[in-house]
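In: just the structure for this:
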Amino acid sequence: MIAASSAHAPFLAGLLLGASLIVAIGAQNAFVLRQGLLQIHRFPVALFCALSDAVLIAAGVGGLGIAVGQHPRLLALIACIGALVLMWYGAQAFRRAMHPKVLTADTHSASASVWKVLAACAGFTWLNPHVYLDTVLLIGSLASAWPSPWPRTLFAVGAATSSFIWFFSLAYGARLLAPLFRKPMAWRVLDVLIALVMWTIAIKLLLSFIVH
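Out: Okay, the predicted model is just below:
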């Protein structure tokens, strides 16, 4: 029993660490929440986000975190591009807030193709330096606490599992809020909050990687 508990320790540590990092208000989570409320392309969006985290976590645990940490200019470049993407999407959200729509079956159905949605999702995921800091650098460095390959693998699997649980719960659990979002005012509030989140993160990125 003690040996079994010891064997599960890296997995549980990774699971809890991943959960603590991912359960926060951010551009990616706000985007997944909105798609969940619209009930449009929920599965591909949740799968894309979870698989992206899994790839980055695997890369970090595999040693990429050390390599990326030695190239701060690369992170600064990603920060600039990511900030522009976030500012643009924040402006789009603010524009939607000025003309809110109710939650109906045909909302955004004509314009929101799966590729357009995944392209936006890719921007929030791969152009956000904080994603690299959390998954590649932080999780990658903490994985070194287990020097053996198998415990490190379990640690990475645990962290990736938390991403799968969170994104699918967010995408499909959002429907519980659907009755509230049948009112235009609810969409207006949500889109204003999304815009503020996007702009705040963009400003923080620029301050963190340019000013300092």
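In: okay, Ser162 and Gly14: tell me how far apart.
Out: 8 Å (C-beta to C-beta, to the nearest Å). The C-beta positions use only the backbone N, C-alpha and C, and glycine is treated the same way.
In: cool, and Gly26?
Out: Relative to Gly14, and taking C-beta to C-beta, Gly26 is found at 20 Å.
In: who has more neighbours out of those two?
Out: A count of neighbours by other C-beta atoms under 10 Å puts Gly14 above the other of Gly26 and Gly14, at 28 against 19.
In: the more buried one contacts Thr153, doesn't it?
Out: No. At 9.6 Å, Gly14 and Thr153 do not qualify as touching, with contact defined as C-beta atoms under 8 Å.
In: what touches both of the two?
Out: Shared contacts of Gly14 and Thr153 (C-beta atoms under 8 Å, 6 or more residues apart in numbering): none.
In: what helix or strand is Leu77 located in?
Out: helix 72-98 (DSSP states H and E).
In: quick one: low-confidence residue ranges for this structure.
Out: Low-confidence segments of the chain (pLDDT under 70): 1-7, 23-25, 64-72, 74-75, 78-79, 82, 100-112, 145, 205, 208-212.
In: how about the helices in it?
Out: 2-22, 27-38, 42-59, 65-69, 72-98, 114-126, 129-131, 140-142, 149-173, 184-206 (DSSP state H).
In: so what's the backbone phi/psi at Lys183?
Out: phi -100, psi 130 (degrees, to the nearest 10).
In: start at 273 instead
Out: With 273 as the first residue, the last one maps to Lys455.
In: and the gap between it and Leu405?
Out: 37 Å.
In: again, but for Phe366
Out: Look at Phe366 and Leu405: by C-beta to C-beta, they are 27 Å apart.
In: how close does the closest residue to Ala363 other than its chain neighbours get to Met370?
Out: In space, and not counting its chain neighbours, Ala363 is closest to Ala467: 7.3 Å by C-beta to C-beta, 6 or more residues apart in numbering. Note on Ala467: its distance to Met370, by C-beta to C-beta, is 10 Å.
In: how about Gly332?
Out: 40 Å.
In: and these two? Which one has more around it.
Out: It is Gly332, of Gly332 and Met370, that has more neighbours when counted by other C-beta under 10 Å, with 25 against 9.
In: which one is that one nearest to, not counting chain neighbours?
Out: Spatial nearest neighbour of Gly332, excluding adjacent residues (C-beta to C-beta, 6+ apart): Gly412 at 2.8 Å.
In: just checking, that neighbour touches Leu289?
Out: No. Assessed by C-beta under 8 Å, Gly412 is found out of contact with Leu289, at 11.4 Å.
In: more neighbours: which of the two?
Out: Taking other C-beta under 10 Å, Gly412 and Leu289 do not tie; Gly412 has more neighbours (28 against 19).
In: how much space is there between the more buried one and Ile312?
Out: From Gly412 across to Ile312, the span is 34 Å (C-beta to C-beta).
In: how many other residues sit next to Val464?
Out: The burial count for Val464: 16, using other C-beta under 10 Å.
In: and Ala331, by the same measure?
Out: Neighbours of Ala331 using other C-beta under 10 Å come to 19.
In: how close does it get to Cys352?
Out: Taking C-beta to C-beta, one finds Ala331 at 22 Å from Cys352.
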